[in-house]
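Engineer: 3D, please:
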Amino acid sequence: MDVSEELGIAGIAVRDHYLQPVQVRALLDCVHERQSRGEFAAARVGAAATLQRDPDVRGDLTCWLREPLWAAEQSLLLGFEQLRLQLNRDLFLGLFELESHYAWYPPGAAYARHVDQPYGRSARRVSLVLYLNENWDQHAGGELQIFNDRDGCRQIQPLAGRLVCFLAVGLEHAVLPARRDRFSVTGWFRVRAASQ
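Structural biologist: Below is the predicted model of the structure:
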């Protein structure tokens, strides 16, 4: 079953080895270079006037993927563009663009239960998480926890090269605390919407 078929049936798709180890390593090199340049900032919650830092809700740091990009980042975004086109072709989702960033969770950081559609906005339709954590084991924590009526709660380990896609509208999820640095590329395929 491919990503679009699984997403259409279950609302979530998990693909191991979406990236090969050499590709993961190249993206991690980009992450570390951006860290050394001070490009990561503490993530905030809320919207517009209420946007604020609240480490009890969200403890990660983010770095948005914007030009100029390294070759590994350009290659990743090209792959995501192919995925966007496939989802549109197979599921008629009308996905128009991708917004994405690196997410860095230092040890102990987490993200409380939430949805990816900010209040009053409707553009985000499909959430993506691509993990960059080499040699991760189950004792390191950092699982993505997804809540739904059908399965209750599902936990997904943040293994290097693993891609998770899920429908953003109304699907609650959380990131559990990790015991070591946890890295991912996180993004959302968006539609054109009156409220962005």
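Engineer: give me the residues contacting the longest helix along the chain.
Structural biologist: In the chain, taking DSSP state H as the definition, the longest helix is helix 71-91. Residues from elsewhere that reach helix 71-91 (Cβ atoms under 8 Å, 6 or more residues apart in numbering): 2-5, 7-8, 19, 23, 26-27, 29-30, 65, 69, 93-95, 98, 100, 126, 128, 130, 165, 185, 187, 189. C-betas here are computed from N, CA, C, even on glycine.
Engineer: if we use 7 Å, what do you get?
Structural biologist: Residues outside helix 71-91 that contact it (Cβ atoms under 7 Å, 6 or more residues apart in numbering) are 3-4, 7-8, 23, 26-27, 30, 65, 93-95, 98, 126, 128, 185, 187, 189.
Engineer: counting only helices, which of these make the cut?
Structural biologist: Using DSSP H, 3-4, 7-8, 23, 26-27, 30 are the members of these that sit in helices.
Engineer: of those, buried ones?
Structural biologist: Neighbour-count burial within those applies to 3-4, 7-8, 23, 26-27, 30; the criterion is 16 or more other Cβ atoms under 10 Å.
Engineer: closest to Arg180 out of the residues you listed?
Structural biologist: Nearest to Arg180 out of these is Leu27 (Cβ to Cβ; 17.4 Å).
Engineer: mind checking how far the closest residue to that closest one other than its chain neighbours is from Arg180?
Structural biologist: Excluding its sequence neighbours, the residue lying closest to Leu27 (Cβ to Cβ, 6 or more residues apart in numbering) is Ala72, at 5.1 Å. Between Ala72 and Arg180 the distance is 22 Å, computed by Cβ to Cβ, to the nearest Å.
Engineer: now the strands for the protein?
Structural biologist: Assigned by DSSP state E, the strands in the chain fall at 12-15, 41-42, 61-64, 97-105, 111-114, 124-131, 144-148, 152-156, 163-167, 173-175, 182-190.
Engineer: now the ones you listed as TSV including distance to Gln35?
Structural biologist: Shown next, in TSV, are those (distance: least, Cβ to Cβ, whole Å):
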stretch	distance to Gln35
strand 12-15	27
strand 41-42	11
strand 61-64	8
strand 97-105	7
strand 111-114	19
strand 124-131	17
strand 144-148	22
strand 152-156	25
strand 163-167	23
strand 173-175	19
strand 182-190	10
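Engineer: switch these over to CSV; also include mean pLDDT.
Structural biologist: Below are these laid out as CSV (pLDDT from 0 to 100):
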stretch, mean pLDDT
strand 12-15, 95
strand 41-42, 91
strand 61-64, 96
strand 97-105, 97
strand 111-114, 90
strand 124-131, 95
strand 144-148, 92
strand 152-156, 90
strand 163-167, 95
strand 173-175, 94
strand 182-190, 96
